[in-house]
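S.K.: when you get a sec, could you give me coordinates for this:
(chains A, B, C and D)
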2 protein chains.
Amino acid sequence: MVTIQDVARKANVSITTVSRVINDKPDVSKETKERINKIIKEMGYKPNSVARGLVLRKTNTLGLLIPDISNPFFPEVARGIEDFAKNNGFSVIFCNTDNKKSEEKKAINLLRSKQVDGIILSLSFKNKEELEKLRKENFPVVQIDREIPDINYPIVKIDNIKSGYKATRYLIESGHTKIAHITGNTDTKTGQDRLEGYKKALEEFDIEINEKWILKGDYSKDSGYREIKRLLKQDEPPTAIFIANDLMAIGTYEALMEKNIKIPDELSIIGHDDIDIASIVNPKLTTLSQPKYKLGQLAAKILISRIEKQKFPENCKSILESELIIRNSVKRLK
Amino acid sequence: MVTIQDVARKANVSITTVSRVINDKPDVSKETKERINKIIKEMGYKPNSVARGLVLRKTNTLGLLIPDISNPFFPEVARGIEDFAKNNGFSVIFCNTDNKKSEEKKAINLLRSKQVDGIILSLSFKNKEELEKLRKENFPVVQIDREIPDINYPIVKIDNIKSGYKATRYLIESGHTKIAHITGNTDTKTGQDRLEGYKKALEEFDIEINEKWILKGDYSKDSGYREIKRLLKQDEPPTAIFIANDLMAIGTYEALMEKNIKIPDELSIIGHDDIDIASIVNPKLTTLSQPKYKLGQLAAKILISRIEKQKFPENCKSILESELIIRNSVKRLK
DNA sequence: GTGAAAGCGCTAACAT
DNA sequence: ATGTTAGCGCTTTCAC
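M.R.: Next up, the predicted model:
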C-alpha cells in the first residue's frame, strides 16, 4: 500500500502539500501540483478512505437495511439507491433482516459502528424502538416503503391506502360487487394500508364488507396459494379478488390452475407491485405498478441532501403514486 | 459519539484496559471487567470500526461487484454472500457495473480505497487488466459466475459447458434433431460455454451443426423476442430450441404467443437459470437450475477463508452442477 | 506557497 | 493486572 507519506517523500514535499493536491485545495503552485500529480499516477497512489473517514468523521457510505434483497420488490429499489449514491460519491452497505427485530437491531448497530453517514431502511412494523434511538441522536435516516408511525423521519413510499383503493375501485367499476381481499403482512403498515384502501372503496360504493372474504396473507407466494384454497371452500365465492402483492397472486394462479378455475372468467384477480412476472403469466396480471427505481433514487437523494445539509424539507413525506396497469386478469362485467 | 476515551475516564482506567475488555483479551481482573462492561452499557458505547480498521488494516468489509442487482440472477447470489458474510463478522458493499469496463474499474478503485478486505466479482469478459492488477498485489478475490481465463484466482461457478450440454442432450434424448440455440452474450465466458455445450452435444450425437440455427442473443428478454422472430422467418424451422437463459426464453414465449405458435407442440423450449418466472409461465418452462444462493455462500466462504488465512485450496475452482428441472415446455417425441 | 504539529479513535508493543 | 507510548493515514490549524 502506497501512502501519502510515500508520495510526499518521493516528491520532496510535506504530506500537507500532497493532501492539498489530492483534495484540490488552493495555495499550491501549478508547478508542484503537476509534479505531484505525476508522481501519484506513477506510484498508483489511492487515498485511504478509512483514514480520511476517521479524521473527517464522514465515510461517504450509506447503510441499506431491507427485509430481503431476493424479494423481487427490493433489487430495483436497491439499484436506484446505488446509482444515485454512486453519482454523488457514496457507496452502500446492504443488510437483510428478514423482518426480524433482533436482526434489525444488529444491523443498525453494525452500520453505526461502521460509521455510515446515513441509513435507508424498511423496518418491521413493531420495531419502533430502534428508530426512536436514531431519532434521539438526530441521525440521518430515510424510511422506504414501510412507515413507522409517529416518528418524524422522511419517508418515501407509495400511498398504499390509495393504491388499495384504486385496485378495488377498478374491480367495482368493472362491474364486480363480490370482492375478496388477501391481505399482506398486517404487521406492516403497507399491509394495513392496502387493506384499508380496499375497505374504503367498498364503503364508498355502498358494498357491504364481508369479513369472511378478507383473508390473512403474509406477502409470500405460499400464503397466496393457501388462502385462495381456503376461500374456495366457502359457500358463496366472490367474483373478484384484490391480492396485496403479485407474489401472492402468483401463488393464487397456481392453486386456481390446479382446480381448473379460469382467470378471469370464473375469478377476476388484481395484484399489486407489477413485478416482472406479472406481464408474463397467463393471463397477464392486472396490477398496480410501483415506481421502484424512482423510490430508491429519491430516498438516496433525500438522505444525501440531509447528510450534506443542503436544504430539503426536514421531514418530507414523499408519496409516490402507483399506476394501474390493465392487463387480462380482470373480467369486465359491464 | 461516545469514545473509548469517555469510557476510560468514567471508569478511571486507561483506554488500554477498556480496549482489552471490548476485545475480550486476557489480563484484566474480573472485577474491572464487569465494572467497565457496565459503564459501556450505560453510556451506550459502540467501538468505532473505522478507527479500528485504520490500525488493524482490516475493515471486515467485502466488496461485491456485479453487473446489475436487478438482474434476476444476482439477488439470490447476493443474499447468499451477505448471509455468510454476516455470520462471520463481515459486511458487504455492492456495486453495479452494467458490464462496462469503465464502471468496473471505478468500482474496484472505490472498493480498494475503502480498504475492503476482499472482493467478489463478476467481470465482463474483456476486462482482464483490472483483475491482473489485483492479482499482482495478491489481493483476495473470488470470481463468481463468469471466469476471466488465464488468471489464477478462485472461481465459483456453474459448469456452463456441461450445463449447455445437458440441456441440448435432453432435447436430443426427447427425440429432437432439429435443435436451435439462442446464445447469451458471447462476450461473456458463460455465453460462450453454453454455446460450446450445445455444439458438443450435437456432435456427440452426430447431428450436424446448422449455423443458421445459432442466433445471437445478449441475455435480455428483448433479444429473445427478437431472435425467435428471425428464426421463424427461415424456411426450415427447428422443432426444439435451447435458449441460454430464462429471461430470453420468456421473450420467446411472448413472440410465440403473438404468432399463435404452441409450446411445446410446435416448438419445444428449454431455458437456463430457473428464475422464479420459469415455474409460473404457461407452459411451465423446462430449464436448468443454478444453485444461486449456494454460489454466493460458497464464494463468501472461500473469500473469507482466504482473508483469514485459513487453509483453503489457493486457486480452487468450485464448479457447481446445475440441475435439470423438467417441466412442460419440451415435447417428447419418443 | 509550504511545512510542522496536533489529533481523529483505536490497538499493540513494551514497561511497571 | 494495568498504564505509557507510538502509530495507523489522513486533514487541518497555525506558523513561516
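S.K.: helix or strand for whichever residue of the stretch 51-200 of chain A sits closest to DNA strand C, which one?
M.R.: Residue nearest to DNA strand C within the stretch 51-200 of chain A (CB to the nearest atom of the strand): residue A:55, separated by 3.3 Å. C-beta here means a position set from N, CA and C on the backbone, and glycine is covered the same way. Element membership of residue A:55 [criterion: DSSP states H and E] is helix A:49-56.
S.K.: how far does that helix sit from its chain's centre?
M.R.: Averaging C-alpha positions (CA atoms, centre = their mean, to the nearest Å) puts helix A:49-56 30 Å from its chain's average.
S.K.: ok, that helix near DNA strand D or not?
M.R.: Yes - with CB under 7 Å from any atom of the strand as the criterion, DNA strand D is reached by helix A:49-56 at A:51-52, A:54-56.
S.K.: looking at those residues, spot the one nearest DNA strand D.
M.R.: Using CB to the nearest atom of the strand, the residues of helix A:49-56 next to DNA strand D come closest to DNA strand D at residue A:51, 3.4 Å.
S.K.: show me the contacts for that closest one.
M.R.: residue B:54 (CB atoms under 8 Å, 6 or more residues apart in numbering or on different chains).
S.K.: can we see that at 10 Å?
M.R.: A:3-4, B:50-51, B:53-54, B:115 (CB atoms under 10 Å, 6 or more residues apart in numbering or on different chains).
S.K.: now residue A:73
M.R.: A:66-67, A:122, A:145, A:219, A:245-247, A:273, A:275, A:290, A:292, A:295.
S.K.: what does the stretch 201-334 of chain A have sitting close to chain B?
M.R.: Counting by CB under 10 Å from any CB of the partner chain, the stretch 201-334 of chain A comes close to chain B at A:221, A:247, A:250-251, A:253-254, A:257, A:275-284, A:292-293, A:296.
S.K.: mark which of those are buried, thanks.
M.R.: Buried subset of those (neighbour count, 16 or more other CB atoms under 10 Å in any protein chain shown): A:221, A:247, A:250-251, A:253-254, A:275-284, A:292-293, A:296.
S.K.: residue A:174 touches residue A:268, doesn't it?
M.R.: Yes - if you go by CB atoms under 10 Å, residue A:174 and residue A:268 touch, sitting 7.1 Å apart.
S.K.: more crowded one of those two?
M.R.: residue A:268 (24 against 19; other CB atoms under 10 Å in any protein chain shown).
S.K.: count the neighbours of the nearest residue to that one once chain neighbours are set aside for me.
M.R.: Spatial nearest neighbour of residue A:268, excluding adjacent residues (CB to CB, 6 or more residues apart in numbering or on different chains): residue A:240 at 3.9 Å. By other CB under 10 Å, 25 other residues sit near residue A:240.
S.K.: would you check how far apart the residue of the stretch 201-334 of chain A found nearest DNA strand D and DNA strand C are?
M.R.: Per CB to the nearest atom of the strand, residue A:308 is where the stretch 201-334 of chain A lies closest to DNA strand D, at 14.1 Å. To DNA strand C, residue A:308 is 20 Å away according to CB to the nearest atom of the strand, to the nearest Å.
S.K.: dump the residue contacts of that residue.
M.R.: Contacts of residue A:308 (CB under 10 Å, 6+ apart): A:58, A:88-89, A:117, A:140.
S.K.: now do residue A:102
M.R.: Contacts for residue A:102 (CB under 10 Å, 6+ apart) come out as residue A:127.
S.K.: before we move on, back to that, the residue nearest to residue A:268 contacts residue A:169, correct?
M.R.: No - in this structure, residue A:240 is not within contact of residue A:169 by CB under 10 Å, at 11.7 Å.
S.K.: helix, strand or coil for residue A:169?
M.R.: helix (DSSP: H, G, I helix; E, B strand; the rest coil).
S.K.: if we can go back for a sec, which one of the contacts of residue A:308 is nearest residue B:262?
M.R.: Among the contacts of residue A:308, residue A:88 lies closest to residue B:262 (CB to CB), at 50.8 Å.
S.K.: next up, phi/psi of the residue of the stretch 201-334 of chain A found nearest chain B, please.
M.R.: Residue nearest to chain B within the stretch 201-334 of chain A: residue A:282 (4.1 Å; CB to the nearest CB). Per-residue torsions, residue A:282: phi -120, psi 120 (degrees, to the nearest 10).
S.K.: from residue A:324, how far off is it?
M.R.: Counting by CB to CB, to the nearest Å, the separation of residue A:282 from residue A:324 is 20 Å.
S.K.: how about residue A:334?
M.R.: From residue A:334 to residue A:324 the distance is 18 Å (CB to CB).
S.K.: model confidence for residue A:125, exactly?
M.R.: For residue A:125, the model assigns a pLDDT of 76.
S.K.: surely it touches residue A:145?
M.R.: No - between residue A:125 and residue A:145 there is no contact under CB under 10 Å: 11.6 Å.
S.K.: those two: which is more packed in?
M.R.: Ranked by neighbour count (other CB under 10 Å), residue A:125 and residue A:145 place residue A:145 first, with 25 against 18.
S.K.: close enough to count as contact, that one and residue A:159?
M.R.: No - Residue A:145 is not in contact with residue A:159 according to CB under 10 Å; the separation is 11.7 Å.
S.K.: dump the residues of helix A:49-56 next to DNA strand D into TSV; add pLDDT as well.
M.R.: Formatted as TSV, those follow (pLDDT from 0 to 100):
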residue	pLDDT
A:51	98
A:52	97
A:54	97
A:55	97
A:56	97
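S.K.: buried subset of the residues you listed, written for PyMOL?
M.R.: Buried members of the residues of helix A:49-56 next to DNA strand D, defined by 16+ other CB under 10 Å, are picked up in PyMOL with:
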select buried, chain A and resi 51+52+54
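S.K.: residues contacting residue A:94?
M.R.: Applying CB under 10 Å, 6+ apart, the residues near residue A:94 are A:62-66, A:69, A:74, A:78, A:81-82, A:107, A:111, A:120, B:64, B:69, B:78-79, B:82, B:91-94.
S.K.: who does it form a beta bridge with?
M.R.: Counting by DSSP bridges, residue A:94 forms beta bridges with residue A:64, residue B:92.
S.K.: how much space separates it from DNA strand D?
M.R.: 26 Å.
S.K.: distance of that residue relative to residue A:64?
M.R.: Taking CB to CB, one finds residue A:94 at 4 Å from residue A:64.
S.K.: for residue A:33, same thing?
M.R.: Distance from residue A:33 to residue A:64, by CB to CB: 38 Å.
S.K.: same check on residue A:123?
M.R.: Distance from residue A:123 to residue A:64, by CB to CB: 12 Å.
S.K.: joint contacts of these two?
M.R.: A:107, A:144.
S.K.: burial check on residue A:286, number of neighbours?
M.R.: 24.
S.K.: show me where the stretch 1-150 of chain A has its helices.
M.R.: For the stretch 1-150 of chain A, applying DSSP state H, counting those that start in this stretch gives helices covering A:4-11, A:15-22, A:30-43, A:49-56, A:74-87, A:101-113, A:128-136.
S.K.: helices and strands around the fifth one, which ones?
M.R.: Meaning helix A:74-87. strand A:61-66, strand A:91-96, strand A:118-121, strand A:141-144, helix A:292-307, helix B:74-87, strand B:91-96, helix B:101-113 (3 or more CB pairs under 10 Å, 6 or more residues apart in numbering or on different chains; DSSP states H and E).
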